[in-house]
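Student: Based on what follows, work out the 3D shape:
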Amino acid sequence: MLPEVESWWHRRTSSAADWPLDGLLDAKGGATISVVLPARDERETVGDIVTVLLRELPALVDEVVVIDSRSTDDTALVAARAGAAVHAQDDILPGLKPLDGKGEALWKSLAVTSGDIVAFVDSDIRNFHPSLVTGLLGPLLAHPDIAYVKGCYDRPLRGAPTGGGRVTELVARPLLNLHWPELAGFMQPLAGEYAGRRTALERIPFITGYGVELGMLVDLLALAGLDALAQVDLGAREHSHQSTEALGAMAAQIMLAAWSRLEREAKIDTTHEPAARLTQFRRTPTGHHVTDRDVSIAERPPILTVDGYRP
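Tutor: Sure thing, here's the model as predicted:
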């Protein structure tokens, strides 16, 4: 790491155990906190997560909001019965043309939440524990100069204690080290658990697909500087793992997200637009099956610039 990044890493990296609930309640003051869960077909886990948050953190978290991203199962019903406020992604800001992807759900959540601090948590986590949220909130409540906190954790894979995060190691980390070495100290740049001050989140664009986490890091670095960013070790995170084919599509979108930021920051001279189709192959009993995926990404502007936006 660059010397300044190593210095940041030591100053701005903490552990969830460093932020006990009693201390967070003392530090909260008049701040309000929203927890957002983007969810698509997560009926098996989303209810348990909502239940834990409402049972364990009632004095800390002011609202738990689930953004239902076109689920085909009863995710919305399960979340509502557990006590969450549930919003259908396409019903938020209905005057806008709906877009696809996780980043769309995250961006739109800003319009249906009220917290000064917004924490985002993936809805497919198994054995959810409240420290996955309290850890994220600690630096924000303790340090007014911190605008955004990223989670990091071990990711068990097929019985091994680590091994998840393949797209991080093969795609995102090399891209960040190559082009944004100031961000090389983030151990889980694609983690789905992070929190930020509304005043910062309102001022950055959101990529609507899987590149949202990488784009957010790059944009917040430009907006607030490295020292306004922090990370917290949340221990371990158990969740479902995607197929290699699905990870390939994710990797393609992350590459396109990086391309968009390189172009915006004038770090590359482009002579062509990257293709937005990914051809993949799968062996079948009758030969190879060819699939073409659309991996194009779209982007929402800073929500503060959108007519009709009111938290």
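Student: Contact partners for L106?
Tutor: Applying Cβ atoms under 8 Å, 6 or more residues apart in numbering, we find L106 in contact with V36, P38, I67, F120, F206, V212. Just so you know, the C-beta spots here come from the backbone N, C-alpha and C atoms, and that holds for glycine as well.
Student: could you pull out the strands for the stretch 51-200 of the chain?
Tutor: Under the criterion DSSP state E, counting those that start in this stretch, the stretch 51-200 of the chain carries strands at the ranges 63-68, 85-88, 117-120, 125-126, 148-154, 156-157, 160-163, 194-197.
Student: Return the list of helices and strands in contact with the third one.
Tutor: If I follow you right, that is strand 117-120. Contacting strand 117-120 under the criterion 3 or more Cβ pairs under 8 Å, 6 or more residues apart in numbering; DSSP states H and E are the following elements: strand 33-39, helix 102-109, helix 131-142, strand 194-197, helix 198-201.
Student: returning to that earlier point: the strands of the stretch 51-200 of the chain into CSV, with extra columns for distance to G225, mean neighbour count and mean pLDDT?
Tutor: What follows is the strands of the stretch 51-200 of the chain, written out as CSV (distance: least, Cβ to Cβ, whole Å; neighbours: other Cβ atoms under 10 Å; pLDDT from 0 to 100):
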stretch, distance to G225, mean neighbour count, mean pLDDT
strand 63-68, 29, 26, 98
strand 85-88, 33, 18, 98
strand 117-120, 19, 26, 98
strand 125-126, 31, 18, 93
strand 148-154, 11, 23, 95
strand 156-157, 34, 15, 62
strand 160-163, 31, 11, 52
strand 194-197, 14, 25, 98
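Student: Could you say which one of those comes nearest to E265?
Tutor: If you check each of the strands of the stretch 51-200 of the chain against E265 by Cβ to Cβ, strand 148-154 wins as the nearest, at 18.6 Å.
Student: Any regions of this structure where pLDDT drops low?
Tutor: Low-confidence segments of the chain, defined by pLDDT under 70, span residues 155-164, 239-241.
Student: related to what we said a few turns ago, using a markdown table, lay out the helices and strands packed on strand 117-120 together with distance to A249.
Tutor: Listed next are those as a markdown table, based on distance: least, Cβ to Cβ, whole Å:
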| stretch | distance to A249 |
| --- | --- |
| strand 33-39 | 18 |
| helix 102-109 | 13 |
| helix 131-142 | 26 |
| strand 194-197 | 22 |
| helix 198-201 | 26 |
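Student: Please tell me how far the residue nearest to Q242 when sequence neighbours are not counted sits from L136.
Tutor: With Cβ to Cβ, 6 or more residues apart in numbering as the criterion, Q242 has its nearest non-adjacent residue at 7.3 Å, and that residue is M250. For M250, the distance to L136 equals 23 Å [Cβ to Cβ, to the nearest Å].
Student: Am I right that Q231 is in a strand?
Tutor: Yes: per DSSP: H, G, I helix; E, B strand; the rest coil, Q231 lies within a strand segment.
Student: what are the ranges of the helices in this protein?
Tutor: Secondary structure of the chain (DSSP state H): helices located at 3-12, 21-28, 46-56, 75-82, 102-109, 131-142, 166-167, 173-179, 198-201, 212-224, 244-264.
Student: which of these is buried the deepest?
Tutor: Counting by mean count of other Cβ atoms under 10 Å, helix 102-109 has the highest mean neighbour count of those, with a mean of 26.
Student: where's that one relative to the chain centroid, distance-wise?
Tutor: If you compare the mean C-alpha spot of helix 102-109 with that of the full chain, they lie 10 Å apart, counting by Cα atoms, centre = their mean, to the nearest Å.
Student: and what of stretch 113-128?
Tutor: Taking Cα atoms, centre = their mean, one finds stretch 113-128 lying 9 Å from the centre of the chain it belongs to.
Student: Check the gap between H129 and G138 for me.
Tutor: Spatial separation of H129 from G138 under the definition Cβ to Cβ is 15 Å.
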